[in-house]
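# pasting the structure only:
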């Protein structure tokens, strides 16, 4: 006979086990029934030769897989989100730009948020306390109030604008929890280098082959004005296409190239200082992105890439580990990047002189001061200032017309509500803020962005002369560039979901780096006596 306590324990175990078995059996039967139903539907689709419905069915299956992956491991789910976000536009172009595809990335992001915050509540992940959160909250509160602005023609504009400005802010918590050490950071940066190089390479192919490559013969009406664009040189009348790569617009591709170059240059410095694997992949990505920037046909992208290259070079030299006699590693990074970039540009000019010549002529004719078609001063100052003052000619500029009324994506709200597009947008970032949220909006914007840049710079200074300095300085530079010079040129740079998601993700990563540096202070090899005698210089 078993003791009474043992019998009770066994009965309690069986009573808890039996419902679990029943629950698992019910779940298994439900999944089986769902699979039979889906197989029946797919069979009907195939027999009816409905290829588009079949593609949506395949995407639906993939969606089920992604959801299960996210709730099982939110880190794997995040990487699935990242890949989908970068290639979502390619599916939108070929699948008719349906709302299910447009909001697909947002659903995945929400699932990542829920999964991560559940892990934080259980104490399994680090919680990020942003030092600039108070200042951001003031702008956030204004955005909430502007959703219900009485001057807005429809609340959907408010919801769209709120999503555009704030939906990806929680990615700073994702970035902070994502990176636990050098291996996590290396994995993230290698994947980004591969994706950036692939997207840039497809853009190069499209610039050479024409926009019929990676674009359907007929785009959706709301995408028609964004794709298949061309430009001509103002003096020599040379016509060339504007590649959009996997995106729906050449502008989004241009913004991505700026982000990609900054990120891979910072990655290159970090990998060399940390003596990490993947340096050849990063150098190859640098060359490909440089060529894609030359062929993109955007003066803004070319100027921002050149400015970023010089700024990062100066910053890397300033923050190089001189005290550890390892500055030669940073100089080697700069030297290799320059060599790869110059060789890549020379090769593309040699192989495709006509395609590169037309774009070089366009840059020379519009950016060189001696040209009669010189536009640099006008586009960098006169034109944005003119658009800023135009904001005061729009109605309701004192209190605003409501968040989202002059934001990206307004065409979808107009299409859904059956109303004409609003004529409120201006091509200047602070002007858009005034039009949407009133005269106070630019001041609150400057307040929270200044706080973010200030605290980010404090982190960068703490990481000076460490292996994390190159990537931390690159993140800081991207944040500054996006929130100030690019915003002055137009708020579409910040509202673009790729730039927005990467900004908040990289901010979270930046603030996590000091903690990793404190736990693993030095991965560099000790310098030899010969290297110490050279004082850190070694070529």
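In hand now; what should we look at? No experiment lies behind these values; they were computed from the predicted model shown.
# quick one: buried residues of the host helix or strand of residue 501?
When secondary structure is defined by DSSP states H and E, residue 501 falls within helix 497-519. Within helix 497-519, the residues that count as buried by 16 or more other C-beta atoms under 10 Å are 497-514, 516-517. The way it works is simple: take the backbone N, C-alpha and C, and place the C-beta from them, glycine included.
# pLDDT weak spots in the stretch 201-350 of the chain?
Residue ranges of the stretch 201-350 of the chain with pLDDT under 70: 225, 323-326.
# what about the helices in it?
Taking DSSP state H, counting those that start in this stretch as the criterion, the stretch 201-350 of the chain contains helices spanning 250-274, 279-295, 299-318, 327-351.
# so which of these is the most packed in?
Highest mean neighbour count among the helices of the stretch 201-350 of the chain (mean count of other C-beta atoms under 10 Å): helix 250-274, with a mean of 26.
# measure how that one sits relative to helix 299-318, angle-wise.
10 degrees (axes from the mean of the first three to the mean of the last three C-alpha atoms, to 10 degrees).
# measure residue 97 to residue 66 for me?
21 Å (C-beta to C-beta, to the nearest Å).
# my read: residue 208 touches residue 352, true?
Yes. In this structure residue 208 lies within contact range of residue 352 using C-beta atoms under 8 Å: 5.7 Å.
# now residue 373: phi and psi?
Taking degrees, to the nearest 10, you get phi -100, psi 20 for the backbone angles of residue 373.
# count of neighbours near it?
Other residues within reach of residue 373, judged by other C-beta atoms under 10 Å, total 14.
# hmm, it is touching residue 232, no?
No. Contact criterion C-beta under 8 Å: residue 373 and residue 232 do not qualify, at 11.2 Å.
# quick one: low-confidence parts of the protein?
1-64, 98-100, 225, 323-326, 522-539.
# swap the cut-off to 50 and go again
1-7, 9-29, 31-32, 34-35, 40, 45, 47, 525-529, 531-539 (pLDDT under 50).
# quick one: the strands in it, in order.
For the chain, applying DSSP state E gives strands covering 229-232, 239-242.
# now those as CSV including mean neighbour count?
Formatted as CSV, the strands of the chain follow (neighbours: other C-beta atoms under 10 Å):
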stretch, mean neighbour count
strand 229-232, 14
strand 239-242, 19
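# mind checking which of those is nearest residue 78?
strand 239-242 (31.6 Å; C-beta to C-beta).
# direction included, what does the closest one pair up with?
strand 229-232 (antiparallel) (DSSP bridges).
# who's in contact with the strand it pairs with?
Applying C-beta atoms under 8 Å, 6 or more residues apart in numbering, the contact partners of strand 229-232 are 211, 238, 239, 240, 241, 242, 244, 250, 297, 362.
# what is the neighbour count of the nearest residue to the second one once chain neighbours are set aside?
Excluding its sequence neighbours, the residue lying closest to residue 238 (C-beta to C-beta, 6 or more residues apart in numbering) is residue 358, at 4.0 Å. Other residues near residue 358 number 20, with proximity taken as other C-beta under 10 Å.
# any idea how far residue 235 is from residue 358?
Residue 358 is 12 Å from residue 235, by C-beta to C-beta.
# now residue 500
37 Å.
# same deal with residue 410?
From residue 410 to residue 235 the distance is 36 Å (C-beta to C-beta).
# between those two, which is the more surrounded one?
Per other C-beta under 10 Å, whichever of residue 410 and residue 235 has more neighbours is residue 410, with 20 against 14.
# I figured that one was touching residue 157, is that so?
Yes. With contact defined as C-beta under 8 Å, residue 410 counts as touching residue 157 (6.7 Å).
# shared neighbours, the two?
404, 422.
# could you dump the strands of the chain into a markdown table and include distance to residue 139?
Below are the strands of the chain laid out as a markdown table (distance: least, C-beta to C-beta, whole Å):
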| stretch | distance to residue 139 |
| --- | --- |
| strand 229-232 | 33 |
| strand 239-242 | 33 |
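# quick one: residues contacting the closest residue to residue 149 other than its chain neighbours.
Nearest in space to residue 149, with sequence neighbours left out and distances taken as C-beta to C-beta, 6+ apart, is residue 402 at 3.6 Å. Applying C-beta under 8 Å, 6+ apart to residue 402 gives the contacts 146, 147, 149, 151, 152, 153, 157, 158, 161, 436, 437.
# surely the last one touches residue 143?
Yes. Taking contact to mean C-beta under 8 Å, the distance of 7.1 Å between residue 437 and residue 143 places them in contact.
# more neighbours: which of these two?
residue 437 (28 against 21).
# ok, that one - contacts?
Residues counted as contacts of residue 437 (C-beta under 8 Å, 6+ apart) are 142, 143, 146, 149, 400, 402, 403.
# ok, it to residue 156 distance?
17 Å.
# show residues contacting stretch 453-464.
Against stretch 453-464 from outside (C-beta under 8 Å, 6+ apart): 131-132, 318-319, 469, 472-473, 475-476, 479-480, 483-484, 507, 510-511, 513-514, 517.
# how near is residue 299 to residue 202?
Relative to residue 202, residue 299 is positioned 22 Å away (C-beta to C-beta).
# oh sorry, the question was meant for residue 267
Taken as C-beta to C-beta, the span from residue 267 to residue 202 is 20 Å.
# repeat that for residue 275.
32 Å.
# same deal with residue 292?
Distance from residue 292 to residue 202, by C-beta to C-beta: 9 Å.
# pull up the overlap in contacts between the two.
Common neighbours of residue 292 and residue 202 (C-beta under 8 Å, 6+ apart) are residue 245.
# still on that earlier bit, the residue nearest to residue 238 is in contact with residue 241, isn't it?
No. The pair residue 358 and residue 241 fails to qualify as a contact (C-beta under 8 Å) at a distance of 9.7 Å.
# what sits up against stretch 411-421?
Residues outside stretch 411-421 that contact it (C-beta under 8 Å, 6+ apart) are 99, 102, 153, 154, 156, 157, 160, 222, 404, 410, 422.
# go with 10 Å
97, 99, 102-103, 153-161, 221-223, 225, 404-405, 407, 410, 422 (C-beta atoms under 10 Å, 6 or more residues apart in numbering).
# any idea how many residues pack against residue 521?
Neighbour number of residue 521 under other C-beta under 10 Å is 10.
# residues near the residue nearest to it when sequence neighbours are not counted, how many?
Leaving aside its chain neighbours, residue 521 sits nearest to residue 466 (7.8 Å; criterion: C-beta to C-beta, 6+ apart). Here the number of neighbours of residue 466 (other C-beta under 10 Å) works out to 23.
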